[in-house]
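> quick check, what structure comes out for this input:
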Amino acid sequence: MLAALTRHRFTAIGVVAVWIVVSNLLTVGPPDDWWYFQQAGRVFTGQVPDTAPWEFYRDHPDVWIGPVPLLVMTPLSLLPNAVGGSVVAIASAVALPFVCRAAERLSSHPRPLVVLGAGVLAAPVWVELATTFTHPEDIEVVGGALLALWALKHRRPLLLGFAVGMAAGGKPWAVGLLALTLVPLPGRRWTAPVTAVLTAGLPWSAFVVVPGTLDALTSSTARVFAESPLGLAGFAGDVYPSTVRITQFALCLLAVSVAAWRGRPELALFVCVAARLLLEPQVWDYHWATLVAGAVLVDVAGSRRGLPWTTAVTFTAFQLSRQVLPEATAWAQCVPALVAVALLALPALPAWTRTSRPLLPRQRSAAQDELISE
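Next up, the predicted model:
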C-alpha cells in the first residue's frame, strides 16, 4: 500500500488537503476572512458611493494585500460568500499537491517518500489559509517563490525578476524575496532587480499617488497580541509602530540575502516567513501556511536526509501555537527562526544550483569526432 501511495503521492496529498477543507466547510461553514476581497470587489466595481477604485487603500489601510490579487479575485468576491469563499477554499487545497510537485521538480535527487510525508504533514497547516482564513494572495507568494527558484536554476533573470516582483506585490512582507535577484546570473546584472522592482511597484502606483494613501498605510492602530513574540518581549497591548514593520521587512531581506550568499536559495521562502513570524504583532494560524510550504521546499529540494524533518518541526510548532497558554503560542513562533538559523549554517548542495540542462550544446572534441566517424 505504501508503494501505491508513494507512486500516486500528489493525488494522495491533494485528497488529504481537499478532505480537510471540505470537512471544515461542512462543519464550520464558509470562511469569514474573505471580507477583504469582498470589500475590494465592491469598491473596484463602483458599488461603494463616494469611493473611487484608486482610493481603496486610502480608505481601507487595514488591507495589506496587493492590488493584483484583489483585482484577480474580484469576479469571485462578488458572488455570495458561500459560493466565492468556498470555491477559493477548495482551489487553495488543490494547490498544495502542485506546490509539492514544483518542489520535487527543483530537486536534483527527488525522493518520493519524502515528498509524500512532507505533503501530508503540510496539509493541516496549509488549509488554514483556505478555510478559517481565505488568503489566495499567500498562495501567490508561494508560487512566485517556486517560479523564482526555477528561474534561478535555469538562469532566467527576466523571469526571476517577474516572479519575485509578483510575490512582493501580492504581500508586502514578501519583499524579502527580492534579495534573490542579487544572485549572479548570465547577462546584465540589473535585469532581474529592475524587473522585480517594476513588477512589484507598478500595480501600486495608481493607488499610492492618491493624497493621504501613504500616510494611511504607514499609520497603524493594531495592537500587539500577548500571544506573539513581541508580546512575550513586553509589548503586549501596545500600538504596533510602523517602524517595527519596516524592521520586519529588513529582517526578511537580510534572511533571504544570507540564504543566497550561502548558496542555499531553496531556503529563501522558509527563512523569509520565519523572520516575519518573529516580528509579527498579531497571531493567526494562516501565517504558518507559507512557512510550511517553505519547509516542504527545504525538505524536498534542498535536504540531504531521507526524512521531512523541517516540515515535521514546523507542523509540531504549529500545533503548539494553537495552545491556550499565550506563552506557548509566543514561544512556538520563535521556533521557525531557530530552525532557519540552523538551516543557514549547513553547507550548500552544489548540485541544486546547477541548471538541469546546459545553456549551450556541448562541443565535441576532435577525438570524439574521429571516433564517431569510425
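> so what touches stretch 181-197?
Contact with stretch 181-197 is made by 152, 155-158, 160-162, 164-165, 168, 178, 257, 260, 265, 359, as judged by C-beta atoms under 8 Å, 6 or more residues apart in numbering. Just so you know, the C-beta spots here come from the backbone N, C-alpha and C atoms, and that holds for glycine as well.
> what is the lowest-pLDDT residue among the residues you listed?
For these, the weakest pLDDT value sits at residue 359, with 29.
> buried sites along stretch 276-292?
Within stretch 276-292, the residues scored as buried using 16 or more other C-beta atoms under 10 Å are 276-281, 283, 285-292.
> got a PyMOL select line for the buried ones in the contacts of stretch 181-197?
Buried residues among the contacts of stretch 181-197 (16+ other C-beta under 10 Å), as a PyMOL selection:
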select buried, resi 152+156+157+160+161+162+164+165+168+178+257+260+265
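> show me the two of the contacts of stretch 181-197 that sit farthest apart.
Taking C-beta to C-beta as the measure, those reach their widest spread between 168 and 359, a distance of 27.4 Å.
> can you list the low-confidence ranges for the stretch 101-250 of the chain?
The model of the stretch 101-250 of the chain has pLDDT under 70 over residues 220-221.
> one more time with 80, if that's ok
The stretch 101-250 of the chain contains residues with pLDDT under 80 at 186-188, 218-222, 238-243.
> where exactly do the helices run in it?
Using DSSP state H, counting those that start in this stretch, the helices of the stretch 101-250 of the chain run over residues 112-126, 136-153, 157-170, 191-208, 213-218, 229-230, 242-261.
> redo these as TSV? Include distance to residue 8.
Converted to TSV, these look like this (distance: least, C-beta to C-beta, whole Å):
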stretch	distance to residue 8
helix 112-126	9
helix 136-153	22
helix 157-170	29
helix 191-208	36
helix 213-218	46
helix 229-230	40
helix 242-261	33
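> identify whichever of those lies nearest to residue 7.
Closest to residue 7 of the helices of the stretch 101-250 of the chain is helix 112-126 (C-beta to C-beta; 7.5 Å).
> from residue 89, how far out is residue 260?
From residue 260 across to residue 89, the span is 34 Å (C-beta to C-beta, to the nearest Å).
> also residue 32?
Per C-beta to C-beta, residue 32 is found 12 Å from residue 89.
> more neighbours, those two?
Ranked by neighbour count (other C-beta atoms under 10 Å), residue 32 and residue 89 place residue 89 first, with 25 against 13.
> please name the residues that touch the closest residue to the more buried one other than its chain neighbours.
Distances taken as C-beta to C-beta, 6 or more residues apart in numbering place residue 130 nearest to residue 89, at 4.3 Å, with adjacent residues excluded. Residues in contact with residue 130 (C-beta under 8 Å, 6+ apart) are 21, 31, 88, 89, 90, 92, 93.
> can you tell me how far residue 130 is from residue 15?
Distance of residue 130 to residue 15, given as C-beta to C-beta: 15 Å.
> repeat that for residue 272.
Going from residue 272 to residue 15 by C-beta to C-beta gives 30 Å.
> the two: who's more crowded?
Remark: of residue 272 and residue 15, residue 272 carries more neighbours, 30 against 15, as counted by other C-beta under 10 Å.
> surely that one forms part of a helix?
Yes. The assignment for residue 272 (DSSP: H, G, I helix; E, B strand; the rest coil) places it in a helix.
> hang on, isn't it packed against residue 178?
No. Using C-beta atoms under 8 Å as the test, residue 272 is too far from residue 178 to be in contact (10.1 Å).
> who touches both of those two?
Residues touching both residue 272 and residue 178 (C-beta under 8 Å, 6+ apart): residue 256.
> what's around residue 313, how many residues?
Residues within reach of residue 313, counting by other C-beta under 10 Å, total 17.
> could you do residue 64 as well?
13.
> quick check: closest non-adjacent residue to it.
In this structure, residue 64 finds its nearest non-sequential neighbour in residue 172, 5.9 Å apart by C-beta to C-beta, 6+ apart.
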